[in-house]
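Enquirer: Return a 3D structure for these sequence lines:
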Amino acid sequence: MFNFWKFYKGLFNRDDHFDNYWDKFPEGENLQFKKETLSLLKNNVANKDEKGLANTLAVLCSDGADSDYTDILLQLLDEKWHISEEDIITVLELIKDPKSVNKLYEVALDVPDYDEMRAIAKKCIWALSAINTPEAVQKLKFLTQVDDPIIKENAIFELEVVLKKK
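Expert: Next up is the predicted model:
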């Protein structure tokens, strides 16, 4: 039987990241460990635990997340004590909660100095595309009008993808 807490604690002790450790995790994004991961996420924020946050987000990418996670993830996008923005946006993309549209748009426009390839903006664009509400589509349209060529090109592409779905 899978022991969630043993697995989670083991994430902190790994020194070989090519060891297939994740093969031990049960398959399927079906929120098997929602109670545990919500608790961990809240503790990570309260303690500003950067490594714990990274590990919790990794578990969420495997176990899934729903709109119960949205508020805390959106809050984390405003926090500066971690470097997990891309993983947070990835989880928001999985959730597809319309509540995250405005924050994803803001984050897409706020390009950090270190992000020359616009990875964060691209992930925001993908998340907006996944959410695919009229408001999310409108934000994608706005992003097609920005001066930044990388953001603009990616927004145009995702907007075409979204419009083909309709």
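
Enquirer: And the contacts of the longest helix seen in the chain?
Expert: Using DSSP state H, we find that the single longest helix of the chain is helix 149-165. Outside of helix 149-165, the residues within contact range by C-beta atoms under 8 Å, 6 or more residues apart in numbering are 108-109, 111, 117-118, 121-122, 125-126, 128-129, 132, 137, 140-141, 143-146. Where C-beta positions appear, they are placed from N, C-alpha and C, glycine not excepted.

Enquirer: Which strands or helices does the helix or strand harbouring Lys123 pack on?
Expert: Here Lys123 is covered by helix 119-131, with elements defined by DSSP states H and E. Counting contacts by 3 or more C-beta pairs under 8 Å, 6 or more residues apart in numbering; DSSP states H and E, helix 119-131 packs against helix 85-95, helix 101-109, helix 134-143, helix 149-165.

Enquirer: Could you give the separation of the third one from the chain centroid?
Expert: Yep, that's helix 134-143 we're talking about. In this view, helix 134-143 has its centroid 19 Å away from the chain centroid, taken as C-alpha atoms, centre = their mean, to the nearest Å.

Enquirer: What of the last one?
Expert: With C-alpha atoms, centre = their mean as the basis, the distance from the averaged C-alpha position of helix 149-165 to the chain average is 19 Å.

Enquirer: List the buried residues in it.
Expert: 150-151, 154-156, 158-159, 162 (16 or more other C-beta atoms under 10 Å).
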